[in-house]
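Enquirer: Make a model of this:
(2 chains)
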Number of protein chains: 2
Amino acid sequence: MAKKYVYSFEEGSAKMKDLLGGKGANLAEMTGLGIPVPPGFTITTEACIEYLKNNNTFPKGMMEEVEKALAALEKKMGKKLGDKKDPLLVSVRSGAKISMPGMMDTVLNLGLNDEAVQGLAKVSGDERFAYDSYRRFIMMFSDIVKGLDRKKFDEVFDAMKKKRGVKNDTDLTADDLKEVVKQFKELYKKLSGSEFPQDPKEQLIDAIHAVFSSWNNERAINYRNHEGIPHDIGTAVNVQSMVYGNLGENSATGVAFTRNPSTGEKKRFGEYLPQAQGEDVVAGVRTPHPIEQLKEEMPEMYKVFDEICEKLERHYKDVQDIEFTIQQGKFYMLQTRTGKRTGVAAAKIAYDLVQEGLIDKKTAVRRITPRDVENTLFPQIDWHNPKQKTYLDENGKEVKAEEFAKGLPASPGAAAGKVYFTADKAKEEADKGEKVILAAEETTPEDFHGMAAAEGIITERGGMTSHAAVVSRQIGTTCIAGAGDVSGMSIHEGKIHGQNGIKIAEGEWVSLDGFEARAYKGKLPLKKAELSKEMETILKWADEIATKEGKGFHVRTNADKPDQTKQAIAYGAKGVGLTRTEHMFMEKNRLPIVQKMILARNEQEKRRKYVFELLPFQREDFEGIFRAAKGYPVIIRLIDPPLHEFLPDEIELLEKIWKNNLPNDSEEAVLLQSVRATAESNPMLGFRGVRLCLAIPELIEMQARAILEAACNVQKEGQEVYPEIMVPVVGFAKEFELAKEIILKTKEEVEKEKKTKLKKFKVGTMIEVPRAALTAEEIAKAGAEFYSVGSNDMTQMLLGFSRDDAGKFIPLYLKLGILEEDPFVSLEQAGVGKILRIMVEGAHKGNPDIEIGICGEQGGEPKSIDFCYRAGFDYVSCSPLRVPVARLAAAHAVINNGPRK
Amino acid sequence: MAKKYVYSFEEGSAKMKDLLGGKGANLAEMTGLGIPVPPGFTITTEACIEYLKNNNTFPKGMMEEVEKALAALEKKMGKKLGDKKDPLLVSVRSGAKISMPGMMDTVLNLGLNDEAVQGLAKVSGDERFAYDSYRRFIMMFSDIVKGLDRKKFDEVFDAMKKKRGVKNDTDLTADDLKEVVKQFKELYKKLSGSEFPQDPKEQLIDAIHAVFSSWNNERAINYRNHEGIPHDIGTAVNVQSMVYGNLGENSATGVAFTRNPSTGEKKRFGEYLPQAQGEDVVAGVRTPHPIEQLKEEMPEMYKVFDEICEKLERHYKDVQDIEFTIQQGKFYMLQTRTGKRTGVAAAKIAYDLVQEGLIDKKTAVRRITPRDVENTLFPQIDWHNPKQKTYLDENGKEVKAEEFAKGLPASPGAAAGKVYFTADKAKEEADKGEKVILAAEETTPEDFHGMAAAEGIITERGGMTSHAAVVSRQIGTTCIAGAGDVSGMSIHEGKIHGQNGIKIAEGEWVSLDGFEARAYKGKLPLKKAELSKEMETILKWADEIATKEGKGFHVRTNADKPDQTKQAIAYGAKGVGLTRTEHMFMEKNRLPIVQKMILARNEQEKRRKYVFELLPFQREDFEGIFRAAKGYPVIIRLIDPPLHEFLPDEIELLEKIWKNNLPNDSEEAVLLQSVRATAESNPMLGFRGVRLCLAIPELIEMQARAILEAACNVQKEGQEVYPEIMVPVVGFAKEFELAKEIILKTKEEVEKEKKTKLKKFKVGTMIEVPRAALTAEEIAKAGAEFYSVGSNDMTQMLLGFSRDDAGKFIPLYLKLGILEEDPFVSLEQAGVGKILRIMVEGAHKGNPDIEIGICGEQGGEPKSIDFCYRAGFDYVSCSPLRVPVARLAAAHAVINNGPRK
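Expert: Next up is the predicted model:
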């Protein structure tokens, strides 16, 4: 059977998104539901894919189908394309499977020509409207289909307004617009070298070409890269009969969400403009009216709108983002799609839909994305006194914030950065490592790179559904929209001119509060937010799924201090996957002792004395962590880094010595000797971890004692404790065996001294040296009770990438397609993943009860979590702030891969 | 059936070495062959193992068997142990499966007591002999069995000699010796607290205890560690009736080899002492007579000796190392064993035995050890004029060598080092990295550690079979023995007093010529020797085995220069497994260009210019290597190290800048910027190899061009060439693919320009990053035609051991038993080996014709070569001087593991 390239809206359905794109499938679905949709048809994504493959040639037979569909449409509408009496006009719009708002092309009013415009004037009884439509069409066609310079057309139009002395487009008369049309056609000829096409079929063919080709325009490619959308799925083309929101007072056009996409509140949310075409709303040129106003101004229309919203929500079981047009008192739906929303809203909506009985808990969990959770944890301004709007500056001085603008709360969060006025400049500065705020009159799809690079965005014009607002919510960037309309802010002459005469030059610090939509001069301190109640509930559901179907797959945290531990447990961590002890050695009052220990490293007695001087400090640290962990397991890693990390830098010492001519017995010169003796060519592969611990066994003994004394003390307080001691940098079973021996001996001593038996206790090792992964069976047989994958170091050694140095080539490697992702962000599965699977198999052979987890940076990254579940890990561990995201990702892993056997 | 712990010599055979030890098995074998051996029996190694396991308790039933065997022996000899008329005397000697000369204990004359000595005096008709035997026994028993201080006994004996005013032991009369015996017994009582045991059974039990326990004395353990002998195989105990070489003029004792163990010449070789016990020869106390003299002095005895030698050689099909005693005109064999020999001798003997039809070629190959080949390549003194004995000193000045001693050529080779006079001091200095020569009056088993640490040994006393001579030959150390006897050299007052009044203080440089047995003052230059003809023949046999049964398993060389290549091909390499190109960048006239290239690294045009300035140099280097390789494959690795290796040291630059207050635009300051920009935390895991090459693709292009132009040029000369370009540090298939693309494009260009098609050519990659090993299938599918394992880097990454830093803990790890061997010397098989097996499997899946080899340091080490054969490698590659050893080891691998399928 030959492929079918064209489907009428009656033929399609919401299930056909792959083929018809999101917009086309939903138009068809609404048509099927009996919702008023202007008739039309969709050219499939397959046609687009073939078109792009075949050097921009339409697939064979496609145009024949288009002509047939067009004929059917003409029949249904009782109008003909290009008819001089009552012409059919159509829109030609792109529509990919995954929404890419504003990234590709749209042509409206197609079908107008010098004759048809006269027919339209007659039929509509509005000559002005007809010529306004024609001039819009010529301009769009020239710009979008033919790629002519839009500015030149704007100039002609502006010149006419100037000539007539009017400000608004609507003040131009039909004759003015006739003149504009004439000048536009001349300009078209001048720029393109040929006449403006009068044949509507030719117009249609050109428009389809333009939409297909726009799939590969630069901003679409950038957008797909950013969003992780595949590049080979193509776009569909929707050809739909036009309806007009600008046909008199009885007309309007609007965009809305069935619920609030910013907060999730169950209340219609949106805007409309009377007497306007849809693009006027989205472009943010005129500030629209809130949707509530429609209730008063066109109550019947509001009723229809509200009923359709309800119907769509019940049908799709999710919030819809809709576009509608009211043409002379008749309501038309032009689009419905799943509404993008903030993380907070996503949780609230999913939670509410469960309460409303529309979806089940698992669906709710699945609907929340890791990014939603991240975005829920949006920063807030860390006010010293929120009522007085004061904050503490970098010197701890209380300062009153200077508000320079107020706008619409388009995307929540708070941000501080240096302000720049173009997307390019913002991106450029962000690439240098600066935090930037983008301030612009309005944003367009071309600005996407700058928006993605910015911490926050503030616009002069545009509403809650303007480009800036939609994109910001989606990428989780704080945004204040329409600050010009709301508070008179304007950007000109390279400065922001704000309230109270405040001026801000490019590069100055500003801070945005996206919740209250207020902007402040200067750098205000930020703080992390709390999880919303709905998000907490959904994460509890996620935990249930991971626990039941994932057989206990869970999330722990990497925390070195009691307060971090407390925060992580509050965020839902089920234990501590990694406590690094070396940070404890680095603190001000401890470092001098550590340095003395290093100086005495070859004198057993002396060095032992210094090592044990550190015991009380460490014990206290551990007690705090055990208390905060509330009985959950706490994995504590013995000292890991090489000795020289505790010593000053050689060059700094030399500078002091040389510049001050210090003698050989000066403190610096003595230190220098140890610095040199302990220096290493490749510290990552050096004398550290268990190697150092076996050479200075007091380090194991002291640390084990500090951990075990702390555990006994806290257990005596009545708090459950579960210490798990982890030996780092193990590569050989015997290393582990020797270290464990010392630990167990110490445990026996401590328990005797403390007259307490610890109820729970384990000894295990880090799996970070590749050899350890390959010999996991032997190490497990040597007594390892848990394995925690140090995926950073494992990645470094397995790939031969020093994390500190790989920055020199990782960007190149991503560009060349050697790497799909930075392996220090997302676990590299083909290599690192392979050895970890070998490890898991060996570990279970060596000890069926062994507990396996991951504690590297990748432990909080969703794709890595998915891998860990598939590979048979028992848990992942990540930084406290990543815990909520990881809990969700853990449940997603279970849902996506099925229950664990 | 109960275990049998005791075997009479009639019951055993040479096949029972595991149970009876080497000495016992061979005594039994000779008994069976009808060769005159004093009767006796052997207590098994099993008894020893059980004894050591059970806390030094004899196994149940063992002593009953000993008593039975003793009774049988008494019956056969017609004498009884402890009999006051005609006592049976026995020796009690250790004898392990693998010979450990002098490392364990021996007791002679056991059975003497105050009564039996009188019987012995009567029966032998020699009272002096009887009391001399008694005093020897008391001394040995006290020292060896009871661990009393030997020096105290020596003092008593020396006091007697002084009292009597005599120099030689033999000048003491029977009465003197009676007095010595009396004083010895008193000393024994004083030191041990009890009377000297008069019961011969008690003496025997104590002696067996002593021999068993001596298995675990420190020097035996050290020896086993050095020789790689297992610690759990135990020693047997041989109880044998005594014969005496000191019973009058008709008696003698000697040690001999059936052929010359130093050169391999087919001529009896050995020494004897008339009127002496065996220990007198071995200890080197008196300088013995050469064995030829026996022909004249005791012609009949020589005939018996010569016939037994012949019989033993034909029976054992190998050179024998024998001990004999002539007691009053009757010839007794006390020991035969396979003779230790130098490498040169090993080759000559094996070759001759093949010619004599006693063994086949494969046996000959198997008999040669890798150490034999190494030792064949003994250094020689690099004379400028060998006749005049002049050499060129470090400034190139011709100097005449100052000979300070001449001795016996005990072990060949040449050595230079700082001279030390005790084993401890020699070891201490060698541990500091010094080259040392040990000069001693004589050596004893306690000196083994110092001998093993020394480059060469020179002794004042002792012959060709003295301890120093035997051990030196075995461990391949140059040795001159008996330099005091030969040329009057003596060591006293912390100085060597040599010929011509030359005095040499401790720590001064001396040089030894082991071939001519001459010692020189100062540091003479050394050179490597050539392979002997016999060794060359045997290595050809080895090649045949590896080629046929090993299906082409072969040896290549790592060579960076034409002369190295030439040397290696002369040593039998079948190609170049690794040419490192970075050395070529380091040369004086090239480094400035490389540095300019680095300074311009971010400016494509400029850097390209500098890169291509290096092309002519590289091409010339490669032409030389291709010519030297004579058509064998040559693997050339693209540049491997990171950029900063070509730049000066940061601290040196800073010192210059700070101390001279250099301005920011000084050459040093500009260089410093690049030094800092290219500095890395872990260079081993940094921006190098293919990573650097893909960032600066000109590096690939230029190097490929230099290689290919050189190959075309040399091919045009009529010489076959086979270039194989190797991409280093590959971890991802795509990296290889991108690099290969550039290489193939360059090849096309060069072949066009040169109007030549290369007949043979490959592109492959180094397997050094662990990820590459795990994804070997993908990389092979991406077009790799060969894999060369960079086992150094693989070991570094897989074990997480930086080679430059691991010296800090590898010695500890060997001591703790975590490592069996230094993994940078011998391939670590449980980890590195495991990933390499995964690699081979993947490689063959990806490309069944792929060629796999190893080019790390371990490629020349026999155990690693054995692994490579087992794992399915096609070749090993090593430094030119290791090639002969590797060829032998390759054949051994094939023989030991069987032919390849």
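Enquirer: Would you mind listing the buried residues in stretch A:231-249?
Expert: Neighbour-count burial for stretch A:231-249, counted by 16 or more other Cβ atoms under 10 Å in any protein chain shown, picks out A:233-248. Quick note: C-beta positions are derived from backbone N, CA and C, even for glycine.
Enquirer: between the residues you listed, which is closest to chain B?
Expert: Checking the buried residues of stretch A:231-249 against chain B by Cβ to the nearest Cβ gives residue A:233 as the nearest, at 23.6 Å.
Enquirer: hang on, the closest one is in a strand, isn't it?
Expert: No: read with DSSP: H, G, I helix; E, B strand; the rest coil, residue A:233 is coil and lies in no strand.
Enquirer: Would you mind confirming that it is in contact with residue A:44?
Expert: No: here residue A:233 lies out of contact with residue A:44, judged by Cβ atoms under 8 Å, at a distance of 11.4 Å.
Enquirer: so residue A:896 makes contact with residue A:866?
Expert: Yes: under the contact definition of Cβ under 8 Å, residue A:896 touches residue A:866, with a separation of 6.7 Å.
Enquirer: show me what contacts residue A:49?
Expert: Residues near residue A:49 by Cβ atoms under 8 Å, 6 or more residues apart in numbering or on different chains: A:232-234.
Enquirer: do you know how far it is from chain B?
Expert: 25 Å (Cβ to the nearest Cβ, to the nearest Å).
Enquirer: got it, and residue A:277?
Expert: For residue A:277 relative to chain B (Cβ to the nearest Cβ), the value is 49 Å.
Enquirer: Please apply the same query to residue A:824.
Expert: Distance of residue A:824 to chain B, computed by Cβ to the nearest Cβ: 12 Å.
Enquirer: What sits closest to that residue if chain neighbours are left out?
Expert: Once flanking residues are discounted, residue A:824 sits nearest to residue A:803: 5.6 Å by Cβ to Cβ, 6 or more residues apart in numbering or on different chains.
Enquirer: Confirm that residue A:491 sits in a strand.
Expert: Yes: assessed by three-state DSSP, residue A:491 belongs to a strand.
Enquirer: Show residues contacting stretch A:291-306.
Expert: The contact list for stretch A:291-306, computed with Cβ under 8 Å, 6+ apart, reads A:252, A:254, A:256, A:268-272, A:274, A:289, A:324, A:326, A:329, A:331.
Enquirer: ok, now with 10 Å
Expert: By Cβ atoms under 10 Å, 6 or more residues apart in numbering or on different chains, the surrounding residues in contact with stretch A:291-306 are A:35-36, A:249-252, A:254-258, A:267-272, A:274, A:289, A:309, A:322, A:324, A:326, A:329-331, A:333, A:464-465.
Enquirer: which of those count as buried?
Expert: Neighbour-count burial (16+ other Cβ under 10 Å) applied to the contacts of stretch A:291-306 gives A:35, A:251-252, A:254-258, A:268-272, A:274, A:289, A:309, A:322, A:324, A:326, A:331, A:333, A:464-465.
Enquirer: ok, the nearest residue to residue A:406 once chain neighbours are set aside to chain B distance?
Expert: Distances taken as Cβ to Cβ, 6+ apart place residue A:487 nearest to residue A:406, at 4.2 Å, with adjacent residues excluded. Distance of residue A:487 to chain B, computed by Cβ to the nearest Cβ: 46 Å.
Enquirer: Run a quick neighbour tally on residue A:487.
Expert: Residue A:487 has 18 neighbouring residues, counting by other Cβ atoms under 10 Å in any protein chain shown.
Enquirer: ditto for residue A:400
Expert: Neighbours around residue A:400, by other Cβ under 10 Å: 12.
Enquirer: same question, residue A:521
Expert: That count, for residue A:521 with other Cβ under 10 Å as the rule, works out to 21.
Enquirer: now residue A:431
Expert: 10.
Enquirer: my guess is it meets residue A:452, correct?
Expert: No: using Cβ atoms under 10 Å, residue A:431 is not in contact with residue A:452, being 11.6 Å away.
Enquirer: joint contacts of residue A:233 and residue A:44?
Expert: Counting by Cβ under 10 Å, 6+ apart, the contacts common to residue A:233 and residue A:44 are A:18, A:21.
Enquirer: Am I right that residue A:99 is in a helix?
Expert: No: assigned with three-state DSSP, residue A:99 falls outside any helix and is coil.
Enquirer: Among the contacts of stretch A:291-306, which ones are in strands?
Expert: A:252, A:254-257, A:269-272, A:274, A:289, A:322, A:324, A:326, A:330-331, A:333 (DSSP state E).
Enquirer: ok, and of those residues, which contact chain B?
Expert: Applying Cβ under 10 Å from any Cβ of the partner chain to the ones in strands among the contacts of stretch A:291-306, one finds that nothing falls near chain B.
Enquirer: If the spatially closest residue to residue A:503 that is not a sequence neighbour is in a bridge, with which residues?
Expert: Spatial nearest neighbour of residue A:503, chain neighbours left out: residue A:495 (5.0 Å); criterion: Cβ to Cβ, 6+ apart. Using DSSP bridges, the bridge partners assigned to residue A:495 are residue A:492, residue A:505.
Enquirer: give me every residue that touches residue A:495.
Expert: Residues in contact with residue A:495 (Cβ under 10 Å, 6+ apart) are A:419, A:421, A:502-506, A:508.
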